[in-house]
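Undergrad: no FASTA, just this:
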């Protein structure tokens, strides 16, 4: 008697690409999409408007509507880059511009949306600057319950050697 084996396909993966619009974030998006491009993953391009230094004061008292609109425009431009390269690779993609503490918002978005992996860039800050400011990528790695791929910014001399 033959048994039929039922193979269940894995649901499509969901990938969060966190961006701030910097060259490092673009490199991370390029590298990350190259890594997951064949998987049929859905991509979320996420930009977070940093509002945490002003937690005790309501946002509307700090920033005028015009300033907030400018930050939202910047966020839309940053996520547009990820959207474009993901669509060019034939992937489904959605963009989100969030407000709050970046690491916290990235991690909570990932948890709330059943994200399978977070991809982000790192400027590779060191010493005093890292001690005082902390690192968004470092905080995300510490608090995320899923894999986090951090793509380091290559030094200009490294990029030149690679391109030659």
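TA: Thanks, I have the structure now. For clarity, every value in this text was computed on a predicted model and none was experimentally measured.

Undergrad: Tell me how far the residue nearest to the spatial centre of the chain lies from residue 96.
TA: Computing the C-alpha centroid of the chain and ranking residues by Cα atoms, centre = their mean puts residue 18 first, at 1.0 Å. With distances taken as Cβ to Cβ, to the nearest Å, residue 18 is found 10 Å from residue 96. No exception for glycine: its C-beta is placed from N, CA and C like everyone else's.

Undergrad: so what sits against both of these two?
TA: 46-47 (Cβ atoms under 8 Å, 6 or more residues apart in numbering).

Undergrad: you'd agree the residue nearest to the centre of the chain is up against residue 118?
TA: Yes. Look at residue 18 against residue 118 with Cβ atoms under 8 Å: they come within range, at 6.4 Å.

Undergrad: which residues do those two both contact?
TA: With Cβ under 8 Å, 6+ apart, residue 18 and residue 118 have common neighbours 106, 140.

Undergrad: Am I right that residue 90 falls within a strand?
TA: No. Looking at residue 90 with DSSP: H, G, I helix; E, B strand; the rest coil, it is coil, so not inside a strand.

Undergrad: What about it, how many residues nearby?
TA: Residues lying near residue 90 (other Cβ atoms under 10 Å) number 9.

Undergrad: mind checking the backbone torsions on it?
TA: phi 80, psi 20 (degrees, to the nearest 10).

Undergrad: Next: the one 3 residues further on.
TA: Main-chain dihedrals, residue 93, degrees, to the nearest 10: phi -150, psi 140.

Undergrad: now it, nearest residue through space, not along the chain?
TA: Using Cβ to Cβ, 6 or more residues apart in numbering and skipping the chain neighbours, the partner closest in space to residue 93 is residue 86 (3.9 Å).

Undergrad: Check which helix or strand the one you found maps to.
TA: Counting by DSSP states H and E, the element that carries residue 86 is helix 65-88.

Undergrad: Please enumerate the strands of this protein.
TA: Per DSSP state E, the chain carries strands over the ranges 14-18, 42-50, 92-100, 117-122, 148-152.
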